[in-house]
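Engineer: Sequence below, structure please.
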Amino acid sequence: MTHISSRRIGGLVRAILSASAALALAGTLAAATYVPISDRELFLRADVVVHGIVLSSDTIEGADGRPETVSTIQPVRVWKGALPGNLVLRQAGGTLPDGRFFKLFGRPEYAAGDEVVVFAIALPDGDFQTAEMLLGKFAVSQDASGRLFAVPALATEDPKGIQILRAPAPLPAAEVPEAEPSDGRARPDRPVPGGADGSLDWDPAPRALGAFLDFLDAGASVPLARTESAIGDLTPLVHREAQKGMLPMWGYINNSLYRYTNGATATWSNDSTANVTGGGTAEATAALASWTNDPNSNINYTASPSGANKIHLNAPTSNGCGWSTCITSSGGVIGCGGPNGLSGSNQWRGDTYGTINGGEVWLRCYATLNAFGSVTTQSVLTHELGHTLGLGHSDQNVSTPDTCRGDEGAAIMRSVAQNRTTLGTDDQDAIRWMYGDGLTSCADLPAPTAATFSPASGSAAGGTTFTLTGTNFQTGATVKIGGTSATVTTVTSTTITGKTPAHAVGTADVLVTNPDGKNATLSGAYFFDFLDVPVSYIFHNAIVRIFKNGITTGCGGNNYCPDVAVNRDQMAVFVLRGKHGSAYTPPAATGSLFIDVSTNTMFAPWMEQFYNEGIIDPCNTSPLTYCPSNPVSRAEMAELLLRAEHGSSYVPPTPTGVFSDVPVSDPMAGFIERLAAEGITTGCGAGIYCPTRSNTRGEMAVFLVRTFSLP
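Structural biologist: Numbers count the residues shown, from 1 in each chain. Next up, the predicted model:
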């Protein structure tokens, strides 16, 4: 069944298997230290709260090369948050088959078949981890009389690796600060007072399961009743049917497995036309071809007017799919489908499958012409035909054969309709498992290559539309710029488009990673611009160049302040770095050279060196004064740059009168005209130079680039 959502749900794009070479891991943490918190606080901190059954718990190699344990829990009920299917927990630690291990004391352990109540927090890629380690897990156990309890894992698991700290004794009434926040959370500056011994509101005793579930049902907003005591020993409740592990997601529908035994050969016919331009026939034919044309499986789905298997292209009702009206663009179930068979089963790769003999697909009628376009229509038909092959929803089941984790959300078989028509790598791996060679895309797809990235720069605030070109991009590929994830909009095999993230100003590498973990990098391909220096700014390129040459880091807050005047203290830093390079450090300041520059004055070493190299004159000679905060005029700037370039004794040629506002009698005329002759300036327009105007930081960038030929 396919749903249309008012929000497009993005795919999970972080692969949790790494292709890195063997890494010896011997480090451990000696203990975990807990300051217990109340059950209510635990509820507030969690993103999801689930009562469920553990289906599997396996150790894999995580993206960072360390062992990581992945536990899958089938929910019985979800009290907080939303899940598309099973709860997938990823916890650091475990032992890999090759002997590598990482022991994290105080980590909760899960075993297939166990019934648990879990408080979990979200990971960035869509999976979860147990909240507050052992505090977030409760094992469902029964006593000698058969009554059920939720037993805190902190009270039973790994006691040798745990310290439990108690909070200070409660404050006297006169010293208790204002009331706690109305949401019930603890204040960050002090613990919530508890019992007479000063402990926090946490009890190691088992909670009666019924009362505990009622507590969760009330949103943890009412006191937890703890009136029952266990009789005899508590025994963990184990569901033996779950201990065999998870069934493969590929072919897993309603807790059973289904597949063809004839190589998935079937003919299909349309019994109507869809309310789209062209009637949907081309979309139905292309959907069949999507599965048939996969090169690594033997599926043979073909269209024929007499085909026994029906595609209902304009269904006002369906066989149990839950609609009796046509769908509008606001959303709902848009299609459904599945396999059928007479009887019998078949064995395949260690599992028993019900034998498929054919199938049926319904596309819900559209209330208006092209309520959903050709791409969405074809995507839905492809999805429902996938169900007839025996495929379940990619984002609602996870299994051991799926070694290429992370691409489930990009599959055609995810539970919410895609707006594209091609199979994802997870779809391709699924039919290779059920109808092909059993290999996966992780093993045989080539690594991506990255060729170009445009534009070359954009605002540090992010949101710039980009295009990345290259080869071998897979659906679900991710892009990071400067280590920060970008928003990917479209992916083809050769092009990725998206929006840049927010980032600090500077040069950034572009990293593209396919769902199978293979990646490619374009080094230094993008520059995050100062917030106040857009690409359209007249001095943009020069400002970028002086940043890359280490002459400036801006004026703070990811800004450059291009229109602010350059003062004499800043000028010393600009020019000396331009002359000597970004690694240059002047001698320590003496503090005895200028009466207005002490050793504590900002840029004091630079100003003293600027003077000692004969580049700048003092603003007063008796006493010797530097005037750090005085702005530098454009006339003064000409002299400073030429002395830095040619030496302190440089004397320019006799002026001839190039600029109408700089007479030859002006003491700075020779420097100004020489600056123009060397191509460093063209004046400020209309044949004038504006010698008395303050030099801005934007103009300064251009002068430095041209004077010192900065790349």
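Engineer: residue contacts, T471?
Structural biologist: 446, 448-449, 451, 493-494 (C-beta atoms under 8 Å, 6 or more residues apart in numbering). Heads up, the C-betas are built off the backbone N, CA and C, glycines and all.
Engineer: Buried ones only from the residues you listed, please, as a PyMOL command.
Structural biologist: Applying 16 or more other C-beta atoms under 10 Å to these, the buried members can be selected in PyMOL as follows:
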select buried, resi 448
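Engineer: Can you tell me which of the contacts of T471 is closest to E68?
Structural biologist: Checking the contacts of T471 against E68 with C-beta to C-beta, the nearest one is P448 at 24.2 Å.
Engineer: Look up how far C442 lies from that closest one.
Structural biologist: P448 is 14 Å from C442, where distance means C-beta to C-beta, to the nearest Å.
Engineer: again, but for T352
Structural biologist: Counting by C-beta to C-beta - T352 and C442 are separated by 27 Å.
Engineer: which of these two has more neighbours?
Structural biologist: For T352 versus C442, the count of surrounding residues by other C-beta atoms under 10 Å is larger for C442: 22 against 11.
Engineer: Which secondary structure state does the more buried one sit in?
Structural biologist: Here C442 is recorded as helix under DSSP: H, G, I helix; E, B strand; the rest coil.
Engineer: Surely it touches D516?
Structural biologist: Yes - taking contacts as C-beta atoms under 8 Å, C442 lies within contact range of D516: 4.2 Å.
Engineer: Would you mind listing the residues touching both of the two?
Structural biologist: Counting by C-beta under 8 Å, 6+ apart, the common neighbours of C442 and D516 are C404.
Engineer: a strand runs through V116, doesn't it?
Structural biologist: Yes - per three-state DSSP, V116 lies within a strand segment.
Engineer: Run through the bridge partners of it.
Structural biologist: Beta-bridge pairing of V116 under DSSP bridges involves G52, A139.
Engineer: burial measure for it, as a count.
Structural biologist: Using other C-beta under 10 Å, V116 has 26 neighbouring residues.
Engineer: now swap in H387 and tell me
Structural biologist: Neighbours of H387 (other C-beta under 10 Å): 23.
Engineer: That one contacts G337, correct?
Structural biologist: Yes - with contacts counted by C-beta under 8 Å, H387 reaches G337, the gap being 4.9 Å.
Engineer: And the residue lying closest to S582 once chain neighbours are set aside, what's its pLDDT?
Structural biologist: Sequence neighbours aside, G550 is the residue nearest to S582 in space, at 2.4 Å (criterion: C-beta to C-beta, 6 or more residues apart in numbering). You'll see G550 listed with a pLDDT of 93.
Engineer: Let me know the distance separating G550 from V544.
Structural biologist: Going from G550 to V544 by C-beta to C-beta gives 12 Å.
Engineer: can you tell me which residue is nearest the centre of this protein?
Structural biologist: S485 (5.0 Å; C-alpha atoms, centre = their mean).
Engineer: Who does it form a beta bridge with?
Structural biologist: For S485, the beta-bridge partners under DSSP bridges are K480.
Engineer: list the contacts for it?
Structural biologist: By C-beta under 8 Å, 6+ apart, the neighbours of S485 are 478-479, 501.
Engineer: for T497, same thing?
Structural biologist: Going by C-beta under 8 Å, 6+ apart, T497 touches 465-468, 488-490.
Engineer: So which residues of the stretch 51-200 of the chain form strands?
Structural biologist: Remark: strands assigned in the stretch 51-200 of the chain by DSSP state E, counting those that start in this stretch are 67-80, 87-92, 94-95, 101-104, 115-122, 128-130, 137-142, 148-152, 162-164.
Engineer: now those strands as a markdown table including distance to F603 and mean pLDDT?
Structural biologist: Shown next, in a markdown table, are those (distance: least, C-beta to C-beta, whole Å; pLDDT from 0 to 100):
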| stretch | distance to F603 | mean pLDDT |
| --- | --- | --- |
| strand 67-80 | 50 | 85 |
| strand 87-92 | 47 | 87 |
| strand 94-95 | 54 | 76 |
| strand 101-104 | 49 | 68 |
| strand 115-122 | 47 | 92 |
| strand 128-130 | 48 | 90 |
| strand 137-142 | 57 | 90 |
| strand 148-152 | 60 | 88 |
| strand 162-164 | 51 | 47 |
